[in-house]
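Undergrad: Got a sequence here, can you model it:
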Amino acid sequence: MSGFAIRNPYFIVVVCLIIAVVGVTSVVRMPVDMFPAMNIPVVVVATFYSGMPPEQIENDITSRFERFFPG
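TA: Modelled structure (predicted):
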């Protein structure tokens, strides 16, 4: 392998330059996003009970749902 590189130095230089140009081009064209899009599955449970205050709904109904559906 080293004998080939010694006999063909220009070929080795050209191959290194091609690799460098392709690498720089790839890095420049690569999209960069500070906050990438992530698809996280989410389940939303809404509790409605007419005539009951929100604090009581939270204590009586929503807390039981939260225990039943661990996150």
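Undergrad: now the helices for this protein?
TA: 2-7, 9-29, 54-57, 63-68 (DSSP state H).
Undergrad: buried stuff in the one helix or strand in the chain whose mean pLDDT sits lowest?
TA: Lowest by mean pLDDT, DSSP states H and E among the helices and strands of the chain is helix 63-68, with a mean of 80. Buried residues in helix 63-68, counted by 16 or more other Cβ atoms under 10 Å: none are found. (Each C-beta comes from the backbone N, C-alpha and C, glycine too.)
Undergrad: Could you measure from the closest residue in space to F65 that isn't next to it in sequence over to S2?
TA: Using Cβ to Cβ, 6 or more residues apart in numbering and skipping residues adjacent in sequence, the residue nearest F65 is V45, 5.4 Å away. Per Cβ to Cβ, to the nearest Å, V45 is found 68 Å from S2.
Undergrad: Over to V27?
TA: V27 is 30 Å from S2, by Cβ to Cβ.
Undergrad: And these two? Which one has more around it.
TA: Between V27 and S2, V27 has the larger neighbour count (other Cβ atoms under 10 Å), namely 9 against 6.
Undergrad: what residues are up against that one?
TA: By Cβ atoms under 8 Å, 6 or more residues apart in numbering, no residues touch V27.
Undergrad: Which of the helices of the chain sits closest to I40?
TA: When the helices of the chain are compared by Cβ to Cβ, helix 63-68 sits nearest I40, at 18.3 Å.
Undergrad: Identify all contacting residues around the closest one.
TA: So helix 63-68 is contacted by 45, 47 (Cβ under 8 Å, 6+ apart).
Undergrad: show me where pLDDT drops low in the chain?
TA: Within the chain, the set of residues satisfying pLDDT under 70 comprises 70-71.
Undergrad: if you set the cut-off to 80 instead, what comes out?
TA: 1, 33, 35-37, 42-47, 62, 66, 69-71 (pLDDT under 80).
Undergrad: give me the number of residues near the nearest residue to M52 once chain neighbours are set aside?
TA: Closest residue to M52 apart from its sequence neighbours, by Cβ to Cβ, 6+ apart: D60 at 7.8 Å. Residues lying near D60 (other Cβ under 10 Å) number 12.
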